[in-house]
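# Build me a model:
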Amino acid sequence: MQFVVAFLKKIPIMPIALFVAGLGLGLLIGWVLAPVEFKDATPYYLRADLREDYLRMAIDYFRLNQDPNLAVQRWQGLGTEAQTAYESIQNNPGAQDPAVIQAYGQLVSDVLSSGGGQPADEPSSTGMSSTLRLALIGIGVLLVLGVAAAGGMYLFRLFRKRGSGTVTVTMQAAEISRSATKTNFEEIGLAPPITQMMTTYVLGDDLYDESFSIDTGSGEFLGEYGVGVSEVIGVGEPKKVTALEVWLFDKNDIKTATKVLMSAHAFSDPATRSRLEPKGELLLMEPQAQILLETATLQLLATVVDAEYGRGALPENSYFERVTLELAIWPRQTA
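As a prediction, this is how the structure comes out:
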């Protein structure tokens with residue numbers, strides 16, 4: 001179950017949800033609310049060879065009863081394709097009498113030229129009303145725009161590091177993480193970690209949510225770990241982050257270990273502490289502080305490499321301007 005939860009954190013939920021909702025609405029409209037039905041459809045909708053067969057039968061019937069009204073009505077049923085079918089029959093009469101074919105065509109021509117009827121450009125089918133059609137088109141457009149907007153946000157988040165020259169907060173954070181010096185744990189007597197990552201939050205990265213996979217050298221998946229925004233303070237943009245949460249997922253454990261790193265103001269505020277206590281152990285964010293998370297078979301050591309508070313109208317030391325964390329993972333039995 002925990003593996004499923006960790007996996008869901010990595011996929012774009014909103015675009016998928018909108019796609020599924022749009023697909024479901026489309027099926028509901030197309031199959032239940034307003035299915036397209038053809039009632040009393042004309043032979044215009046037949047294949048070309050079947051339209052020709054239909055006109056041959058009309059000519060044969062005309063030879064037997066000489067009904068001019070019925071002859072013209074059946075001609076008009078073929079709409080704009082009647083002349084094409086007639087010319088095909090003239091060129092290849094088969095077992096039919098060419099004289100009867102000629103008489104049928106002459107009769108239809110005389111009736112139509114005298115105003116007795118007009119060949120239809122394209123017969124109309126009995127379908128949904130124009131109002132309902134416009135409403136459904138409007139719903140479809142809104143769904144497309146919603147999916148496009150959600151997909152655009154996701155792609156912007158995914159690819160904004162490849163911008164057109166503008167330095168984004170994500171690029172700033174990535175550069176800070178690259179320039180930070182990783183701890184050499186072997187020098188202090190520890191075994192080298194399975195994986196070791198630097199991650200940086202910068203004010204303005206409202207979608208900050210980093211996650212990393214834990215794999216052995218042979219490619220075996222052990223779990224995941226990461227950092228995300230846990231609490232914000234105040235209103236307006238950009239969001240003012242007052243707490244981050246560090247988490248560790250172990251495929252061999254039934255629960256995910258989580259600890260919340262808080263600003264000095266949030267840490268001393270009873271209301272904020274009350275909201276965040278269900279998420280995990282509450283800790284004060286301090287430079288060089290080390291936080292240990294443990295699961296059944298894994299240990300995560302999070303080190304606060306750097307932390308700087310923002311300055312503004314909010315209470316002092318209430319939100320972060322920048323935070324850099326070093327995250328290192330060991331098997332629990334060898335850490």
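
# how about the strands in this structure?
Ranges of strands in the chain, per DSSP state E, are 195-202, 209-215, 221-233, 240-250, 257-262, 281-284, 290-294, 298-309, 320-331.

# what packs against the second one?
For strand 209-215, the packing partners by 3 or more C-beta pairs under 8 Å, 6 or more residues apart in numbering; DSSP states H and E come out as strand 195-202, strand 221-233. Yep, even glycine has a C-beta here, placed from its N, CA and C like the rest.

# what sits up against that strand?
In this structure, residues lying in contact with strand 209-215 by C-beta atoms under 8 Å, 6 or more residues apart in numbering are 6, 9-10, 194-195, 197, 199, 221-229, 298, 327, 329.

# Which ChimeraX command selects the buried ones in these?
Selection of the buried residues among these in ChimeraX, burial being defined by 16 or more other C-beta atoms under 10 Å:
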select :6,194,195,197,199,222,223,224,225,226,227,228,229,298,327,329
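
# Where does the prediction get shaky in this structure?
By pLDDT under 70, the weakly predicted segments of the chain are 1-15, 34, 36-38, 115-138, 140-141, 143-144, 146-148, 150-165, 334-335.

# Run a quick check on Leu107 versus Arg74, I expect a contact.
No - counting by C-beta atoms under 8 Å, Leu107 stays clear of Arg74, with 11.5 Å between them.

# the more surrounded of those two?
Using other C-beta atoms under 10 Å as the criterion, Leu107 and Arg74 rank with Arg74 on top: 22 against 16.

# neighbours around the closest residue to Leu222 other than its chain neighbours, how many?
Closest residue in space to Leu222, ignoring its immediate chain neighbours: Ile214 at 4.3 Å, by C-beta to C-beta, 6 or more residues apart in numbering. By the criterion of other C-beta under 10 Å, Ile214 has 21 neighbours.

# now Lys259
20.

# That one reaches Val246, doesn't it?
Yes - look at Lys259 against Val246 with C-beta under 8 Å: they come within range, at 5.4 Å.

# what's the neighbour count on the residue nearest to Thr183 when sequence neighbours are not counted?
Nearest non-adjacent residue to Thr183, counting by C-beta to C-beta, 6+ apart: Glu326, 6.2 Å away. For Glu326, the neighbour count with other C-beta under 10 Å is 20.

# Distance of Glu326 relative to Ser177?
Distance, Glu326 to Ser177, by C-beta to C-beta, to the nearest Å: 9 Å.

# Show me the common contact partners of these two, please.
Common neighbours of Glu326 and Ser177, using C-beta under 8 Å, 6+ apart, are Met198.

# phi, psi of Gln47?
Careful, residue 47 is Arg and not Gln. phi -60, psi 160 (degrees, to the nearest 10).

# do you know how far it is from Asp53?
Distance from Arg47 to Asp53, by C-beta to C-beta: 9 Å.

# Okay, buried residues for stretch 87-103 please.
By 16+ other C-beta under 10 Å, the buried positions in stretch 87-103 come out as Ile89, Gln96, Ile101, Ala103.

# in the stretch 101-250 of the chain, which spans are helices?
Secondary structure of the stretch 101-250 of the chain, counting by DSSP state H, counting those that start in this stretch: helices at 130-159, 169-179.

# Which other helices and strands does the shortest one contact?
Judged by 3+ C-beta pairs under 8 Å, 6+ apart, the packing partners of helix 169-179 are strand 195-202, strand 320-331.
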